[in-house]
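In: need coordinates for the following:
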Amino acid sequence: MTVEQQTDLATIRKQMLGEQRKLRLLRVKSNYGLLIGAGIFLLLLLIALVGPLFAPYDPAAMKVVDRLKAPSSEHWFGTDEFGRDLLTRIIYGARVSIGVGLLVSLLSSLLGLVIGLYASYYRALDHILMRICDGLYAIPGVLLAIALMAALGASVTNVVIALTIVSTPSVARIVRSAALSVRNLTYIEAMVVQGASSTRIIWRHIMPGTLSPLLVQASFVFAEAIISEAALSFLGVGIPAPDPSWGNILQAGKLVFSKAWWMIVFPGAMIVLSVLSLNLLGDGLRDYMDPRISGRSKKS
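Out: Numbering: from 1, shown residues only. Down below sits the predicted model:
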């Protein structure tokens, strides 16, 4: 091949890469669910990260004379039953609730990835791991989480552990399904015949094919973890007081809802926004990574 031909080939390759980048950018711009979900979630994440630096009050500072004050210029979201500023507690609660959801999503994704990959590759291990996952999956998630919290005790760490155990089976099943479709491909069978190590086949050739569904499922697990943490805290077995979380703020608000509607509305709105944004983000990622799904939904 001459130097001119090599130059022309490099130019064509650059043009193709540029067109691919433009196509990906166009797909992102046309995916409104992905953009809206990512925008709302990034805003909530920013509140959780830097909001406490600008919070107007101490989240634990009690001022009984100001208890159950309605929203005003002094307290934008009102005060709770101990006179604590509700806006400040919701800002600090965002760090706890979103942090728990993020940790649960990461840990369950990692465990589910390992379980799903090895279950798809080793048939004997598949029966053992999947039957355990089926048994956990058969129990309603909230009931299983409550039982685990009753055994472990109320703390942030134990909430993460309990929700990770609850969420891992669903991730493992999705990873296993995606890995099986890759495991049965011809080139994987050829590598097995050639004597390639199982670890190399699993992690270098099968694992990349599972990342797209894993990423989508991780966003849904994130949303479910936020709801589950709020439910556990609302029932009194989640984040212990006085640490604020959206769930235990709701739990305190249920007792004074007739007098202080803001204690239910504002933390509830934060939970709805976070879960809605993550669901939109997950749907948008699924459509972006597999355009055939979007095309089928439009035709139907």
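In: and the residue sitting nearest the centre point of the chain, how far from S274?
Out: Centroid check for the chain by Cα atoms, centre = their mean gives F222 as the closest residue, at 1.8 Å. The gap separating F222 from S274 is 9 Å, by Cβ to Cβ, to the nearest Å. (C-beta placed from N, C-alpha, C; glycine too.)
In: overlap of the contact sets of the two?
Out: Taking Cβ atoms under 8 Å, 6 or more residues apart in numbering as the criterion, F222 and S274 both touch G101.
In: next, give phi and psi for A61.
Out: phi -70, psi 120 (degrees, to the nearest 10).
In: who's in contact with the spatially closest residue to it that is not a sequence neighbour?
Out: Leaving aside its sequence neighbours, A61 sits nearest to R84 (Cβ to Cβ, 6 or more residues apart in numbering; 6.4 Å). R84 makes contact with 57, 59-63, according to Cβ under 8 Å, 6+ apart.
In: closest one of those residues to V160?
Out: P59 (20.8 Å; Cβ to Cβ).
In: ok, so what distance separates the closest one from L86?
Out: 10 Å.
In: between those two, who's got more neighbours?
Out: The neighbour count for P59 versus L86, taken as other Cβ atoms under 10 Å, is higher for L86 (27 against 19).
In: now the strands: where do they sit in the stretch 101-250 of the chain?
Out: For the stretch 101-250 of the chain, no strands are identified by DSSP state E, counting those that start in this stretch.
In: pLDDT weak spots in it?
Out: Along the stretch 101-250 of the chain, no part satisfies pLDDT under 70.
In: for it, just list every one of the helices.
Out: 123-138, 141-152, 156-183, 186-193, 198-200, 211-234, 246-253 (DSSP state H, counting those that start in this stretch).
In: any buried residues in the fourth one, and which?
Out: Looking back up the chat, that one is helix 186-193. By 16 or more other Cβ atoms under 10 Å, the buried positions in helix 186-193 come out as 188, 191.
In: next, the angle helix 156-183 makes with it.
Out: 90 degrees (axes from the mean of the first three to the mean of the last three Cα atoms, to 10 degrees).
In: restricting to C-alpha, output helix 186-193 in PDB.
Out: Presented in PDB, the C-alpha positions along helix 186-193 are these (Å, rounded to 0.1, in the frame of the first residue of the first chain):
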ATOM      1  CA  THR A 186     -19.700 -19.000  17.700                       C
ATOM      2  CA  TYR A 187     -16.600 -17.100  18.500                       C
ATOM      3  CA  ILE A 188     -17.000 -17.900  22.300                       C
ATOM      4  CA  GLU A 189     -17.200 -21.600  21.500                       C
ATOM      5  CA  ALA A 190     -14.200 -21.300  19.300                       C
ATOM      6  CA  MET A 191     -12.200 -19.700  22.200                       C
ATOM      7  CA  VAL A 192     -13.200 -22.500  24.500                       C
ATOM      8  CA  VAL A 193     -12.000 -25.100  21.900                       C
END
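In: could you list every helix and strand that that helix packs against?
Out: On a contact count with 3 or more Cβ pairs under 8 Å, 6 or more residues apart in numbering; DSSP states H and E, helix 186-193 meets no helix or strand.
In: which residues sit against it?
Out: With contacts defined as Cβ under 8 Å, 6+ apart, helix 186-193 is touched by 182, 201, 205-206.
In: in a markdown table, list those along with neighbour count and distance to L68.
Out: Shown next, in a markdown table, are the contacts of helix 186-193 (neighbours: other Cβ atoms under 10 Å; distance: Cβ to Cβ, whole Å):
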| residue | neighbour count | distance to L68 |
| --- | --- | --- |
| V182 | 18 | 58 |
| I201 | 18 | 62 |
| H205 | 16 | 61 |
| I206 | 23 | 57 |
